[in-house]
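1. next one to model:
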Amino acid sequence: MPRRSILTDTERENLFALPDNQEDLIRYFSFSERDLSIIRQHRGAANRIGFAVQLCYMRYPGIILGTNETPHPAILRLVATQIDELVRETLPLPLFYVRLEVTQGRMA
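-> Numbers count the residues shown, from 1 in each chain. Just a heads-up that it's a prediction; the model follows:
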């Protein structure tokens, strides 16, 4: 028996849409001191950024990014600025994506 969809495609898109203005980005994706202490526990800049981005997406809109999905650039910039003091290594974003792909390739 086919499953009945509760939400229409438009309602689903609206539900999982990311904020489109700076105020909402800050409201939904700002870290507390407790969050930052958990982020500090991860080794390497790529791991800290990756963990922080996943933490943001899990909180709002309540999803986990898949292996082929890239974070929204505005969220990535906001995360990077918040943990900049924690990340002493200079890590350009393309390198972050390459390391993420290599790590995920080893897991498969």
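2. where in the protein is pLDDT low?
-> Along the chain, segments meeting pLDDT under 70 span 1-2, 85-108.
3. any idea where the helices of it begin and end?
-> Assigned by DSSP state H, the helices in the chain fall at 9-15, 22-29, 33-40, 45-59, 73-82, 93-107.
4. mean neighbour count, those helices: which tops it?
-> Neighbour counts (mean count of other Cβ atoms under 10 Å) averaged over each of the helices of the chain peak at helix 45-59, with a mean of 19. Glycine gets a C-beta too; all of them are placed from N, C-alpha and C.
5. now that one against helix 73-82, angle please.
-> 120 degrees (axes from the mean of the first three to the mean of the last three Cα atoms, to 10 degrees).
6. count the neighbours of residue 63 for me.
-> By other Cβ atoms under 10 Å, 11 other residues sit near residue 63.
7. in contact with it, which residues?
-> Residue 63 makes contact with 16, 57, according to Cβ atoms under 8 Å, 6 or more residues apart in numbering.
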